[in-house]
Structure formats: structure tokens, C-alpha cells
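S.K.: Take this sequence and fold it.
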Amino acid sequence: MSLTSEEVNRIAWLARLAIDSDKTDAYAHDLSGILNFIEQMSAVDTSAVSPMAHPLDQAQRLRPDVVTEPDQRALFQQLAPAVDAGLYLVPKVIE
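M.R.: Numbering: from 1, shown residues only. Down below sits the predicted model:
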């Protein structure tokens, strides 16, 4: 697929991009090359290829599930305006 300078200007206007008028032909050439490559990729038969979430078959590294901070709930609740049975009390918002 080959793009013209007018089509590149239209695409730039839709995308709200400012393109110098002297570079429009270069953009048309580059975008045409990209679209031709996409057409080539679309022509490849991928029916035997199973979809995958990631190209590398690796397990995700997870951090160990350990406590890293001390329990400071009592300290924080001393600063709260209203607490009951370990819960923060807030004003009713919806009536």
C-alpha cells in the first residue's frame, strides 16, 4: 500500500500532529513501507501457532511473603478522631 502526501497530511491532521511540509514525502515513504510490511505479516499462515501471553516461557519471580514492617495499628489509631473495636469510624456520607 502506497500513501500519498495528501493522505499523510490527513492522517497527521487526525492525529493532531504537526509535520513539516518538506518532510511529508519522507513520511509517506516510511509509512508505506510499514504498511507493506504489515501486509506481508498478514499473509503468513499462523493457524498452527498457539497463542501465548509472553514469548519467553518463564515463571514470574515473586518476592517472599514475609512481614517487612512492624504492626503500628495502635499507634495510628491513637491519632484517629474516632475508633471502635479496632476500626476507624467515619461520618456517614450517603443518606
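S.K.: Show me the contact partners of the strand or helix carrying Glu6.
M.R.: Using DSSP states H and E, Glu6 falls within helix 5-14. With contact meaning C-beta atoms under 8 Å, 6 or more residues apart in numbering, helix 5-14 is reached by 3, 18-19, 24-25, 27-28, 31. Placement of C-beta: from N, CA and C, glycine included.
S.K.: Quickly note the distance from Phe37 to Leu31.
M.R.: Counting by C-beta to C-beta, to the nearest Å, the separation of Phe37 from Leu31 is 11 Å.
S.K.: Tell me which helix or strand comes right after the top helix by length along the chain.
M.R.: Ranked by residue count, the top helix of the chain under DSSP state H comes out as helix 24-42. Downstream of helix 24-42, the first helix or strand assigned by DSSP H and E is helix 73-79.
S.K.: following that next one, which helix or strand comes up?
M.R.: According to DSSP H and E, the helix or strand after helix 73-79 is strand 83-84.
S.K.: Mind listing the strands that following strand pairs with, and their directions?
M.R.: Strand 83-84 has the following sheet partners, assigned by DSSP bridges: strand 87-88 (antiparallel).
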